[in-house]
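S.K.: Sequence first, then the predicted structure, then my questions.
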Amino acid sequence: MFSIRALRALRSGPTYSRLGDLHPASDLEKLSAPHRRRFLPRLLAAVVTALLPSFLLSVPTCLRRTSRPNPTPLSPTAYLDGLRGVAALTVYIFHLTYLWFPFLRAGYGSTPDDTRVLQLPLLRVFHSGRASVTTFFVISGYVLTLKSITAVHRGHPEKVLEALAGGLFRRPFRLYLPIIVSTGIVAVLVRWQGVLVPDLRGGDVPPRLPTAGHQFWHWVATTEKMVSPFRAVTGRENLWGNEYNGHLWTIPTEFKGSLEVFLYPETHGAQSWGFEGLERWVPGWYKGNEDRVQQFWISVGSILFIGGLMGSPGGRSGGEPVLQRVFTSGFAQYLGKISYSLYLWHGTVNHVIALRYLHPAWKALQAAEIAAIAAMNKGDTAQAEGLRSAAMAVYTREWLWVAFLNTLFLFWISDLFHRGVDTPSVKLTRRISEWALAKS
């Protein structure tokens, strides 16, 4: 995890290749004393550099397309990396908001009380986590098949099998190596009681077993179950979330999709403003099950959305397609870079920070609601509305502060994990693949 550049700085100044080159001992003491005085500050600088997130070490890079005078051109599919990053951030927002503001699940106008601005169809894109997960699947399917289809269209059928075999071989390493490390860290955190805070239902944290040995073998069995390619995955109806990170249910689904190669409300979709007519177009197998109906439409929406990005026209002077520009910005590209790490860690960070401080705020809000109901029963409507309004203002302010701190910590952890685990995992996967191809 240490910055190579920072560590190399430790070697600047008068140094010697071997301690044995220095004779006698007095010469060693004379020459090494100044070096020792420089060594500690440089070591401290290297540690700080390694622990600081890259967006603080190079702020312009995160805010602009590049800070270099001669930037390397972005790849033709760079906008998909940015879209993946934005989708990962949306999943995090979904899990940070829907538990504490349940009304966001319902569509605008589905009930007389559901008329909030954030429930409107076009604004749901900023917190629709399920639609973002579906976008992951569509991006994955497109990227995984692009190389093979391109080889076919260019008249190189001999490269198709090589692309398919290489992609299939690398896929489990790419998906599961970072997961093994991240869930292993969570298994260690579980041993410190109170670090991971349960959600409002009292669940969604790994079980704390009697001994470290029991914990280790439980983690091994859980990991084996998740990575097994023989476990049936048929969609949302037989989901299984890893006990050390429940949000990982998507990864086996994506892996199975690899082998087989947005806006719809989460609840009350058929009654929501703007969606009533869509119900007539749902295929028969999906009808009667709200989860299936939602998955159908957000799948269609994700395909249409990515298709629109692919076919977007250029600007007035040509060049980069208009709709892709938001996803090739510096911030979107940075999100794309850390997207997998952000996805792996957002649930754990929520349990460590957000839930710890939002539990008291939620209890205070519920106490205010009880007091408001009591006032309503006494016929004092004005007092009840005043209590609700004041309590919601305090609750929202508390949530915003916690969300800010939680997000900063998540970005820091995601950045470190990306540099320390995710990127080395990609390199290791490539080397394993090259070794296997060479052997074959």
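M.R.: Thanks, I have it.
S.K.: neighbours around Val152, how many?
M.R.: Residues lying near Val152 (other Cβ atoms under 10 Å) number 12. Quick note: C-beta positions are derived from backbone N, CA and C, even for glycine.
S.K.: Give me the contacts around whatever helix or strand it lives in.
M.R.: For Val152, the host element (DSSP states H and E) is helix 129-153. Helix 129-153 has contacts (Cβ atoms under 8 Å, 6 or more residues apart in numbering) with 77, 80, 83-84, 87-88, 90-91, 93-95, 98, 124-125, 157, 159-160, 163-164, 167, 171, 250, 253-254, 257-258, 261-264, 266, 294-295, 298-299, 301-303, 305-306.
S.K.: Among these, the buried ones, what's the ChimeraX command?
M.R.: Per 16 or more other Cβ atoms under 10 Å, the buried members of the contacts of helix 129-153 correspond to this ChimeraX selection:
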select :80,83,84,87,88,90,91,93,94,95,98,124,163,164,167,171,250,253,254,257,258,262,263,264,266,294,295,298,299,301,302,303,305,306
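S.K.: Among the contacts of helix 129-153, which are located in helices?
M.R.: Judged by DSSP state H, the subset of those located in helices is 80, 83-84, 87-88, 90-91, 93-95, 159-160, 163-164, 167, 171, 250, 253-254, 257-258, 294-295, 298-299, 301-303, 305-306.
S.K.: My read is that Thr183 contacts Gly241, right?
M.R.: No: between Thr183 and Gly241 there is no contact under Cβ atoms under 8 Å: 11.4 Å.
S.K.: which of the two has more neighbours?
M.R.: Shown here are Thr183 and Gly241; by other Cβ under 10 Å, Thr183 has more neighbours (23 against 14).
S.K.: What separation do you get for the more buried one and Thr381?
M.R.: Remark: distance between Thr183 and Thr381 (Cβ to Cβ, to the nearest Å) = 51 Å.
S.K.: Likewise for Tyr98?
M.R.: With Cβ to Cβ as the criterion, Tyr98 and Thr381 are 29 Å apart.
S.K.: so where's the stretch 201-350 of the chain shaky on pLDDT?
M.R.: Low-confidence segments of the stretch 201-350 of the chain (pLDDT under 70): 201-203, 232-240, 256-266, 269-270, 273-277, 315-318.
S.K.: got the residue ranges for the strands in it?
M.R.: For the stretch 201-350 of the chain, the strands defined by DSSP state E, counting those that start in this stretch cover 314-315, 318-321.
S.K.: Excluding covalently adjacent residues, which one is nearest to Val349?
M.R.: Leu410 (4.5 Å; Cβ to Cβ, 6 or more residues apart in numbering).
S.K.: isn't that neighbour right up against Gly347?
M.R.: No: under the criterion of Cβ under 8 Å, Leu410 is not in contact with Gly347, lying 10.0 Å apart.
S.K.: which parts of stretch 181-190 are buried?
M.R.: Buried residues in stretch 181-190, counted by 16+ other Cβ under 10 Å: Val181, Ser182, Thr183, Ile185, Val186, Ala187, Leu189, Val190.
S.K.: Stretch 44-51 now?
M.R.: For stretch 44-51, a neighbour-count test (16+ other Cβ under 10 Å) marks Ala46, Thr49, Ala50 as buried.
S.K.: ok, these vs Asn406, which is closest?
M.R.: Ala50 (22.9 Å; Cβ to Cβ).
S.K.: Provide the secondary structure category for that closest one.
M.R.: helix (DSSP: H, G, I helix; E, B strand; the rest coil).
S.K.: just to revisit the earlier point, between the buried residues of stretch 181-190, which sits nearest Thr223?
M.R.: Closest approach between the buried residues of stretch 181-190 and Thr223, by Cβ to Cβ: Thr183, at 6.5 Å.
S.K.: show me the contacts for the residue lying closest to the closest one once chain neighbours are set aside.
M.R.: Spatial nearest neighbour of Thr183, excluding adjacent residues (Cβ to Cβ, 6+ apart): Tyr244 at 4.0 Å. Tyr244 makes contact with Thr183, Val186, Ala187, Val190, Pro206, Trp219, Thr222 under the criterion Cβ under 8 Å, 6+ apart.
S.K.: From the residues you listed, pick the one nearest Pro424.
M.R.: Pro424 has its nearest neighbour among the contacts of Tyr244 in Thr183, at 17.1 Å by Cβ to Cβ.
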